[in-house]
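*Asks:* here is a sequence together with a model predicted from it:
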Amino acid sequence: MNRKNSDKIKTVDEAARMVSDGDSVTFSGISVSAHPVAVAHEIIRQRKRNLLLAGSGAWHVNNLLIGAGCIDRMIVIADSPEIGGGAPVLHRAVEKRQLTVEDYSYFAVASRFAAAAMGLPFMPTKSMLGSDMLRNTWLEEGKKSHKMDCPFTGEKVVLLPALKPDVAFIHAQYADEDGNVQMLGPTALTDEQSRASSKVVVTVEKIVSKRFIERRPELTVIPSFIVDAVVELSYGAHPTALFGCYDYDLDHLKYAIEQSRDEGSFRRYLEDFVYGTANHADYLNRIGGPKKLRRLRANLGSRRS
Amino acid sequence: MKHGDEGKYTAQELMIVAAAREILDRDVVFVGVGIPLAAAYLAKISHAPDARILFESGIVDSVPVGTPLGIADPRLSYRCAKSCGLFYALGVLQRGYVDISVLGGAEVDRYGNVNSTTIGGYRTPTMRLPGSGGANDAASHSKRFVILIPHEKRRLPERVSFITSPGYIHGPDDRREAGLTGGGPCRVITDLAVMGFHPENRTLQLESLHPGVSVSEIRDNTGFDLLIPKGVRTTEPPSKEQLRLVRSRIDPQGVYTAKWREL
């Protein structure tokens, strides 16, 4: 058996075209790590519109998509750069009514993805009880949460509906041509959000052999049958970090945060680094090229080739 | 006070040390980034070496290296006992394994409710904030939690504009009635004082004043009628060793301390 599923191998341009205007999308990544930045850039270059950003903690990607006007609805978990500065992009979009938001806790969103990932219609949780987040469910028509007493123990829980995005965008270290995806370091929502979504697009630092995957199967986060497209994009998470591969580009992150404080300067940031770059290679040259990238390389020693 | 001066310390350094003291050895600790992370880091490398620090990104039992800037910083992953996903990490929290969480926020009220979602109306915010992240989960499920916040009248209102992370909600029985199983907030630590909660009515009360701070300064900078018991102590200043660890290992660049006011 030597069947090749190389029809899953796509260019980033093709991968971004898997999203249609009006779709719901979710992105992997959290904090300062593993945001699918390169594919988000391409979505912006293709000027996608009216997307629902459904549960993404990848704040840099979130801000790029909101700032570029791709998003008009958002299931907010957290939009914080952590290294200072609040949430100015989110603030402007909500204030100007460009964006309808609905807030959840991180575990609540994870639970909604987990329900969808297992084919269940809802998930009970004890998160968000007593908070005002349960009072602000206006994003979609219909009831979005239901409090009840457990029929077995009487404990109070809230049921949250399964969250099923149209497309999940994941960035990881490795995948084979079939789409078996391996990650090093914490995986945040990657597992649940990919299983929850109708289509899964994975960008990776390196496409590897099936044999490579089989040597450490415990590192596989997503098996091939869940994945629809695989794109090789090294430094695809820049300016965020990817464990074992490269550190975050702190100068660039700080610059992006600084520019995001003002609408005009953030538009210029998008012009300089997204609309004004033809593709990912062009972007990497714009941010400092091979010299900059060499400085960011992780010095863990490579795992194996 | 100049960063690094012998015997002197900044308000932020005192907050890091005061929050670190809340963490006991062998505690399972959940923290957000910034000063809360610095506090857990300090506890781990000083009085609580067997504390297990957990991050929502999926990093379990980490010994931080360098100065981590976020809850998925590779500097937290180099040395950790388990690397996993968020559903697992926060599932552990909901299960009740976490002894203490340390959180920040934009507003805290007299019942220890925390707002990190919005100031003003939800649809018409005067200031839209970053959102819950794992803070609501931590406040809901940890056995106890500590809140760190700058001591300003606007940040300590009678009632927060939006309850992102529930404290005692609006009264002593409200957590139980809501179905929350975590124990609720135990301390609010500011740049002026350490506050706790009255054991019966569960409202904030002054516990200790930071060195050089007066009761009237506290009253002037608090947006509600804070309980002030007789014989309020002075907060113990950081030890030389604690300051050395903060300045040489945890935050040699002053990253956490410099950014505080902007958060």
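*Replies:* Yep, that arrived. Nothing here was measured: the structure is a model prediction, and the numbers come from that model.
*Asks:* contact partners for whatever residue of chain A ends up closest to chain B?
*Replies:* Ranked by CB to the nearest CB, the top residue of chain A for proximity to chain B is residue A:156, at 2.5 Å. Where C-beta positions appear, they are placed from N, C-alpha and C, glycine not excepted. The contact partners of residue A:156, taken as CB atoms under 8 Å, 6 or more residues apart in numbering or on different chains, are A:126, A:129, A:147, A:148, A:149, A:150, B:178, B:179.
*Asks:* which two of the residues you listed have the greatest separation?
*Replies:* A:150 and B:178 (14.6 Å; CB to CB).
*Asks:* more neighbours: which of these two?
*Replies:* Legend: neighbour count by other CB atoms under 10 Å in any protein chain shown for residue A:150 and residue B:178, higher for residue B:178 (19 against 11).
*Asks:* ok, residue A:239 - contacts?
*Replies:* A:37, A:60, A:248, A:249, A:252, A:253, A:256, A:287.
*Asks:* please, a ChimeraX command that selects the buried ones among the residues you listed?
*Replies:* Applying 16 or more other CB atoms under 10 Å in any protein chain shown to these leaves a buried subset, and the ChimeraX line that selects it is:
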select /A:37,60,248,249,252,253,256,287
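*Asks:* which members of the contacts of residue A:239 are the farthest-apart pair?
*Replies:* Within the contacts of residue A:239, A:60 and A:287 form the most distant pair, 13.0 Å apart (CB to CB).
*Asks:* excluding chain neighbours, what is closest to the residue of the stretch 101-250 of chain B found nearest chain A?
*Replies:* Closest to chain A within the stretch 101-250 of chain B is residue B:179: 2.5 Å, counting by CB to the nearest CB. Nearest non-adjacent residue to residue B:179, counting by CB to CB, 6 or more residues apart in numbering or on different chains: residue A:156, 2.5 Å away.
*Asks:* need the per-residue pLDDT for the one you found.
*Replies:* Reading off the confidence values, residue A:156 has pLDDT 97.
*Asks:* need phi/psi at it.
*Replies:* phi -80, psi 130 (degrees, to the nearest 10).
*Asks:* same question for residue A:125.
*Replies:* The phi/psi pair for residue A:125 (degrees, to the nearest 10) is phi -150, psi 160.
*Asks:* neighbours of the residue nearest to it when sequence neighbours are not counted, how many?
*Replies:* Closest residue to residue A:125 apart from its sequence neighbours, by CB to CB, 6+ apart: residue A:111 at 4.8 Å. Residues near residue A:111, counting by other CB under 10 Å, number 28.
*Asks:* and residue A:111, what is it in contact with?
*Replies:* Listed by CB under 8 Å, 6+ apart, the contact partners of residue A:111 are A:123, A:125, A:127, A:160, B:87.
*Asks:* pretty sure it sits in a strand.
*Replies:* No - assessed by DSSP: H, G, I helix; E, B strand; the rest coil, residue A:111 does not belong to a strand; its assignment is helix.
*Asks:* what's the distance between it and residue A:118?
*Replies:* Residue A:111 is 11 Å from residue A:118, where distance means CB to CB, to the nearest Å.
*Asks:* likewise residue A:155?
*Replies:* Distance, residue A:155 to residue A:118, using CB to CB: 21 Å.
*Asks:* quick one: low-confidence parts of chain A?
*Replies:* Scanning chain A for pLDDT under 70 picks out the ranges A:1-6, A:136-142, A:300-305.
*Asks:* re the thing from before, just the contacts of residue A:156 now: which is nearest residue A:223?
*Replies:* Closest approach to residue A:223 among the contacts of residue A:156 (CB to CB): residue A:126, at 30.7 Å.
*Asks:* does the closest one touch residue B:166 like I think?
*Replies:* No - taking contacts as CB atoms under 8 Å, residue A:126 lies outside contact range of residue B:166: 11.3 Å.
*Asks:* looking at those two, which is more packed in?
*Replies:* The neighbour count for residue A:126 versus residue B:166, taken as other CB under 10 Å, is higher for residue B:166 (26 against 21).
*Asks:* which residue packs closest to that one, ignoring adjacent ones?
*Replies:* Counting by CB to CB, 6+ apart, residue B:166 lies nearest to residue A:130, which is 4.1 Å off, once chain neighbours are set aside.
*Asks:* for that neighbour, helix, strand, or coil?
*Replies:* Secondary structure for residue A:130, judged by three-state DSSP, is coil.
*Asks:* next, count neighbours for it.
*Replies:* Neighbourhood size, residue A:130 [other CB under 10 Å]: 26.
*Asks:* what sits against it?
*Replies:* Applying CB under 8 Å, 6+ apart, we find residue A:130 in contact with B:140, B:163, B:166, B:169, B:174, B:175, B:178, B:179, B:180.
*Asks:* what sits up against stretch B:62-79?
*Replies:* By CB under 8 Å, 6+ apart, the list of residues contacting stretch B:62-79 from outside reads A:30-34, A:82-83, A:185-186, A:188, A:241, A:243, A:247-248, A:250, A:298, A:300, B:31-33, B:37, B:41, B:44, B:53-59, B:80-81, B:83, B:250-253, B:255-256.
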